[in-house]
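>>> Sequence and predicted model, in that order:
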Amino acid sequence: MTTVRAWGARAAGAPLEPLSIERREPGPHDIELDVLFCGVCHSDVHQARDEWSGATFPMVPGHEIVGRVVRVGSAVTRFKPGDHAGVGCMVDACLACDPCHDHHEQCCERGPAFTYNSTEMDRVTPTHGGYSTRVVVRDHFALRIPDGLDLAAAAPLLCAGITTYSPLRQWNLRAGQRVGVVGLGGLGHMAVKFAASMGARVTVFSSSKGKEDDARRLGADDFVCTASPSAFGPLASKFDLLVDTVSAAHDYNAYLSTLRPFGTMVLVGAPAEPTGLHAFSLIPANRRLAGSMIGGIAETQEMLDYCGAHGIVADVERIAIQQINEAYARMLKSDVRYRFVIDLASLRDG
Ligand code: NAP
Ligand code: ZN
């Protein structure tokens, strides 16, 4: 075991503060990384505040990790010391069940080991995330970062990237189709970039009037300010696909009315509170409501390679770990343009 510096929450809703955690010695199939950058996802905020319930503390969040490999186990062939590697929301799974065989480790029947606020597959050892100087991860769950991508701006691809790329692929988005992206935060801005790069016509639905210029710069063709009560009327039956990234409870029914016949609204945003759903928001026009969780490891690598080929990264605001509580407060006010990324040099040197 190695003692590692980290920042985390000692109790639900407590401000994040310096902590020490233990990392295991790398086994034959493990790689050990010096964490260089870690993105700040709204899931970190939900879990550190125990908004989804069942959280365990102390908690070291962070699942958008880019690091440098320092050690590899004897059976590791894909990485060597000095390489860059990424770690997303999962660090292990059974790799034996049907979903794992189908490359959907996020749907592992035994439940994946999530990167933090979870346990290793022994179901005893707590996992801790990337707000720390080092991580140790099973090699299957480490991703290659394409050359040429800025490492800090690539970190958010490990969660925000795959979570928005995957539904566009699952629902087979084609050039010329109309996509609505609901909420322009970390996930939303990646959804806009991906959908635009795939040739779709993109509309951003935002509660923040001031984000229109950014939405268009990111690749949106249209912008709808949802604060206006009359916003939805003219959009009835217009969209093939909606990707809803909003982190707080909101009315799904109004958005469903904007779907074309057989169109789908995919929920990726995960508000803690339930929302009322009207059967008649779905029945006419055979509309569909679906959910999607991150993506499998192979699809995450496909997404990273796609980003390498198309020069896609997140728009990031780099912070020191000492600014993390301020960053959480700003995310709760929808004031992020468009992903905070922690430079872990601030923890190594601070
Ligand atoms: P974020 O950067 O904080 O962005 C969320 C956006 O939602 C805000 O920028 C804001 O956009 C909108 N919003 C927030 N509060 C709102 C409110 N009260 N009413 C209307 N709109 C509001 O968050 P994120 O990191 O993108 O994460 C978004 C959600 O996805 C979170 O719930 C997170 O847990 C979830 N998530 C799910 C998965 C998955 O696998 N499904 C993976 C990662 C994250 P506007 O200012 O444009 O309205
Ligand atoms: Zn995330």
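Received it, and whenever you're ready, just let me know what you need. Ligands and ions are numbered 1, 2, ... in the order given.
>>> who in this structure is up against ligand 1?
By Cβ under 6 Å from any ligand atom, the part of the chain that sits against ligand 1 consists of 41-43, 46, 159-160, 163, 183-188, 206-208, 211, 245-248, 250, 268-270, 292-294, 331, 334, 336. Glycine gets a C-beta too; all of them are placed from N, C-alpha and C.
>>> Among those, which lie within strands?
Judged by DSSP state E, the subset of the residues of the chain next to ligand 1 located in strands is Ser206.
>>> do stretch 106-122 and ligand 2 meet?
No: using Cβ under 5 Å from the ion, stretch 106-122 never reaches ligand 2; the gap is at least 9.2 Å.
>>> How far off centre is that stretch?
Its chain's C-alpha centre and that of stretch 106-122 lie 16 Å apart, by Cα atoms, centre = their mean, to the nearest Å.
>>> Also stretch 318-326?
Taking Cα atoms, centre = their mean, one finds the center of stretch 318-326 at 19 Å from the center of the full chain.
>>> Would you mark the buried spots in that stretch?
Counting neighbours by 16 or more other Cβ atoms under 10 Å, one finds that the buried residues in stretch 318-326 are 319, 321, 323-324.
>>> Ok, stretch 60-68 next?
Buried residues in stretch 60-68, defined by neighbour count with 16+ other Cβ under 10 Å: 60-67.
>>> Check stretch 327-343 too.
By neighbour count with 16+ other Cβ under 10 Å, stretch 327-343 contains the buried residues 327-328, 330-331, 334, 336, 338-343.
>>> How about the contacts made by the residue of the stretch 1-150 of the chain found nearest ligand 2?
Using Cβ to the ion, the closest approach of the stretch 1-150 of the chain to ligand 2 is made by Cys41 at 3.0 Å. If you count contacts by Cβ atoms under 8 Å, 6 or more residues apart in numbering, Cys41 has them with 63-64, 156, 159-160, 186.
>>> still on that earlier bit, and which of the buried residues of stretch 318-326 is nearest ligand 2?
The shortest approach to ligand 2 among those belongs to Ile324, at 15.0 Å (Cβ to the ion).
>>> Quick check: that closest one touching Ile342?
Yes: taking contacts as Cβ atoms under 8 Å, Ile324 lies within contact range of Ile342: 6.7 Å.
>>> shared neighbours of these two, which are they?
Listed contacts common to Ile324 and Ile342 are 40, 131; contacts here mean Cβ under 8 Å, 6+ apart.
>>> Thr264 is in what secondary structure piece?
Here Thr264, judged by DSSP states H and E, is contained in strand 259-267.
>>> who does the strand or helix carrying Leu33 pair up with?
With secondary structure defined by DSSP H and E, Leu33 is part of strand 30-39. On the basis of DSSP bridges, the sheet neighbours of strand 30-39 come out as strand 65-72 (antiparallel), strand 134-138 (antiparallel), strand 339-343 (antiparallel).
>>> For the stretch 101-250 of the chain, what lies in contact range of ligand 2?
Looking at ligand 2, the residues of the stretch 101-250 of the chain close enough under Cβ under 5 Å from the ion are Cys159.
>>> hmm, back to that, so, if you compare the buried residues of stretch 318-326, which one comes nearest to Ala6?
If you rank these by distance to Ala6 using Cβ to Cβ, Ile321 comes first, at 9.0 Å.
>>> Let me know whether the closest one touches Ser132 as I believe.
No: contact status for Ile321 versus Ser132: not in contact, 9.4 Å apart, counting by Cβ under 8 Å.
>>> where do the contact lists of the two overlap?
Taking Cβ under 8 Å, 6+ apart as the contact rule, the neighbours common to Ile321 and Ser132 are 7, 344, 347.
>>> mind listing what the second one touches?
What that stands for is Leu344. Taking Cβ under 8 Å, 6+ apart as the definition, contacts of Leu344 comprise 34-38, 130, 132-133, 321.
>>> what about it, distance to ligand 1?
Taking Cβ to the nearest ligand atom, to the nearest Å as the criterion, Leu344 is separated from ligand 1 by 19 Å.
>>> Next, that residue: phi, psi?
Torsion angles at Leu344 (phi, psi; degrees, to the nearest 10) stand at phi -70, psi -10.
>>> swap in the last one?
Here the main-chain torsion angles of Leu347 (degrees, to the nearest 10) amount to phi -90, psi -40.
>>> so who does it touch?
Applying Cβ under 8 Å, 6+ apart to Leu347 gives the contacts 5-7, 131-133, 321.
>>> coming back round to it: identify each buried residue in the strand holding Leu33, please.
Residues 30-33, 35-39 are the ones in strand 30-39 that count as buried (16+ other Cβ under 10 Å).
>>> Mind putting those residues into TSV with pLDDT?
Written out in TSV, the entries for the buried residues of strand 30-39 read as follows (pLDDT from 0 to 100):
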residue	pLDDT
Asp30	98
Ile31	98
Glu32	98
Leu33	98
Val35	98
Leu36	98
Phe37	99
Cys38	99
Gly39	99
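>>> Specify which member of those is nearest to ligand 1.
Lowest distance from ligand 1 to the buried residues of strand 30-39 (Cβ to the nearest ligand atom) belongs to Gly39, with 8.5 Å.
>>> my read: the closest one touches Gly186, true?
Yes: if you go by Cβ under 8 Å, Gly39 and Gly186 touch, sitting 7.3 Å apart.
>>> Now do the shared contacts for the two.
156, 160, 314, 339.
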